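1. below are the sequence and a predicted model for it; my questions follow.
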Amino acid sequence: MPPKKAVVQEKVLLGRPGNNLKSGIVGLANVGKSTLFQAITKSTLGNPANFPYATIDPEEARVIVPDDRFDWLCEHYKPKSVVPANLTVYDIAGLTRGASTGAGLGNSFLSHIRAVDAIFQVVRCFDDAEIIHVEGDVDPVRDLNIISEELRVKDIEFVEKALEALQKQTKRGGQTLEMKKLREEEGTVAKVLEWLREGKDVRKGEWGPKEVETINPLMLLTAKPVVYLVNLSEKDYIRQKNKYLPKVFEWIKTNSPGDPLIPISVSFEERLTRFEDDAAALEECKSLNTKSALPKVITTMRQSLNLASFFTTGTDEVRQWTIRKGIKAPAAAGVIHTDFEKTFIQAIVYNYATLREYGDEGAVKAAGKIMTKGKDYVVEDGDILLIKAESTASDTMFKKDNRSKVKSSVQRALRQRFLETYPGFEPYIEEVLPKKAQLDAVKLYATPPFFFSQPSYPPPQIS
């Protein structure tokens, strides 16, 4: 008897499962968060000002995700409608030292961070005597330590309460399946607490699938992916030199290994938004031998959130859909419509790269590159999908219900008009005539020219 195949356990990702994930812009006060928010969203939302707590409630906007593949598909199909992918971004008010214990408006601001799925952490690396710093001077490493510590301390406080609640439940004892699960959760939460007390962020731990399932509902601040945005002066950004940058790089390498670092000049990005159009802004970048960092900022955050895209295409519409990496075809179909996940039959699949290589769908098909995939197919970034699904019971009921409503409505209206003209025919139509014959008769004799043009036309003779 051949040995059983080893079951490959699917990796469970830290963070809220979903496709419509949110990113928050975080940092100390007066580091350029609100100006970045306005530049990245091309809006006047947010409240940039030269004093702390200019932003209180978070602002929200959606940012179009730049993607050359989507642009090419739109040019290729020339559809009537185009729908690009987007990323939801929040401008969150500045933190301050002691926020985890309520200093400033700390607890409120930390709750705003808990509500997002990932963090853009803005670090000030420019000198400007006219822009005050809440700590008195520019020291990006100190600022990084403050933010990191505040988030970790708040997580410790939260996890301690969660562990205490679990311990109260497990003290009751017992050997039920529910009690066994509670003990496992207690062990995981205790392990997370120890990790945090060692000064480590949760996202840097090695957690098993069951542990991740316990950690995710806690929505811990240090479990969220972070993209570090180093805010430089325009001059330093263009010449690609800055005295603070090496220190920031070393801090991230030591404390947050693997997390992305992107140099950006928020003042330069804001200035680009004031040009008449994108072409003029691009010309300005060319003249300075530089380019905007915003496309890289947006795509890097999508990568940090483990997001990918698939496309639906045609002459009516080209649309880019956002999914979590590693999901299977039925879940991807569910992004288009929730019913499609339950009623998924198969997906017709080929990849953007294949279409680009062969030039059109006919050539792709002739080369045998169009595949039919079932429920176990893991959708790849750049796939072009045609989903086949069964009609749902709810959809069928909806259609039947609507047909019935329309029929009833028409029937009532026609009967009303018919009987207004022939009031003496009412007893016969209500009591003797079967409903279907009634409707047919009313429809026949309530149609021009009989009903509207000749109201004196005699009542129909029903045999």
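-> Arrived safely.

2. just checking, Gly15 is part of a strand?
-> No. Judged by DSSP: H, G, I helix; E, B strand; the rest coil, Gly15 forms no part of a strand; its state is coil.

3. counting neighbours, what do you get for the closest residue to it other than its chain neighbours?
-> Nearest residue to Gly15 in three dimensions, chain neighbours excluded: Asp117, at 5.7 Å (CB to CB, 6 or more residues apart in numbering). In this view, the C-beta of every residue, glycine as well, is placed from N, C-alpha and C. For Asp117, the neighbour count with other CB atoms under 10 Å is 21.

4. okay, Asp117 and Leu14: tell me how far apart.
-> Distance of Asp117 to Leu14, computed by CB to CB, to the nearest Å: 10 Å.

5. per-residue pLDDT, the residue nearest to Gly15?
-> On pLDDT, Asp117 comes in at 93.

6. that one contacts Ser23, correct?
-> Yes. With contact defined as CB atoms under 8 Å, Asp117 reaches Ser23; the gap is 6.8 Å.

7. so what sits against both of the two?
-> Shared contacts of Asp117 and Ser23, defined by CB atoms under 8 Å, 6 or more residues apart in numbering, are found at Leu305.

8. which residue ranges of the protein form strands?
-> 22-26, 59-64, 81-83, 86-91, 118-124, 226-231, 261-264, 307-312, 317-324, 344-351, 371-373, 383-389 (DSSP state E).

9. of all these, which one is nearest Lys291?
-> Nearest to Lys291 among the strands of the chain is strand 261-264 (11.3 Å), distances taken as CB to CB.

10. now that closest one, how far from the centre of its chain.
-> Distance, stretch centre to chain centre, for strand 261-264: 23 Å (CA atoms, centre = their mean, to the nearest Å).

11. next: stretch 248-258.
-> 28 Å.

12. just the CA trace of that stretch, in PDB.
-> C-alpha atoms of stretch 248-258 as PDB (Å, rounded to 0.1, in the frame of the first residue of the first chain):
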ATOM      1  CA  VAL A 248      17.600  55.100  10.300                       C
ATOM      2  CA  PHE A 249      18.700  52.300   8.000                       C
ATOM      3  CA  GLU A 250      20.700  50.700  10.900                       C
ATOM      4  CA  TRP A 251      17.800  51.100  13.300                       C
ATOM      5  CA  ILE A 252      15.400  49.300  11.000                       C
ATOM      6  CA  LYS A 253      18.000  46.600  10.200                       C
ATOM      7  CA  THR A 254      18.400  45.900  14.000                       C
ATOM      8  CA  ASN A 255      14.800  46.400  15.200                       C
ATOM      9  CA  SER A 256      12.500  45.700  12.200                       C
ATOM     10  CA  PRO A 257      14.500  43.500   9.800                       C
ATOM     11  CA  GLY A 258      12.900  43.000   6.500                       C
END
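
13. tell me the mean pLDDT for that stretch?
-> 95.

14. contacts for it, please.
-> Here stretch 248-258 has contacts from 123, 125, 140-141, 144-145, 148, 201, 204, 226, 228, 230, 259, 261, using CB under 8 Å, 6+ apart.

15. show me which pair in these is furthest apart.
-> Cys125 and Lys204 (23.6 Å).

16. mind checking which of the two has more residues around it?
-> More crowded of Cys125 and Lys204, by other CB under 10 Å: Cys125, with 26 against 14.

17. show me what contacts the more buried one?
-> 138, 140, 230-232, 236, 242, 244-245, 248.

18. sorry, back to before: buried subset of the contacts of stretch 248-258, written for PyMOL?
-> Those of the contacts of stretch 248-258 that count as buried under 16 or more other CB atoms under 10 Å are selected in PyMOL with:
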select buried, resi 123+125+140+144+148+201+226+228+230+259+261
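
19. how about the contacts of stretch 248-258 in JSON lines, adding distance to Leu355?
-> Output for those, formatted as JSON lines (distance: CB to CB, whole Å):
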{"residue": "Val123", "distance to Leu355": "41"}
{"residue": "Cys125", "distance to Leu355": "42"}
{"residue": "Pro140", "distance to Leu355": "45"}
{"residue": "Val141", "distance to Leu355": "48"}
{"residue": "Leu144", "distance to Leu355": "44"}
{"residue": "Asn145", "distance to Leu355": "49"}
{"residue": "Ser148", "distance to Leu355": "44"}
{"residue": "Asp201", "distance to Leu355": "41"}
{"residue": "Lys204", "distance to Leu355": "39"}
{"residue": "Val226", "distance to Leu355": "35"}
{"residue": "Tyr228", "distance to Leu355": "36"}
{"residue": "Val230", "distance to Leu355": "38"}
{"residue": "Asp259", "distance to Leu355": "34"}
{"residue": "Leu261", "distance to Leu355": "35"}
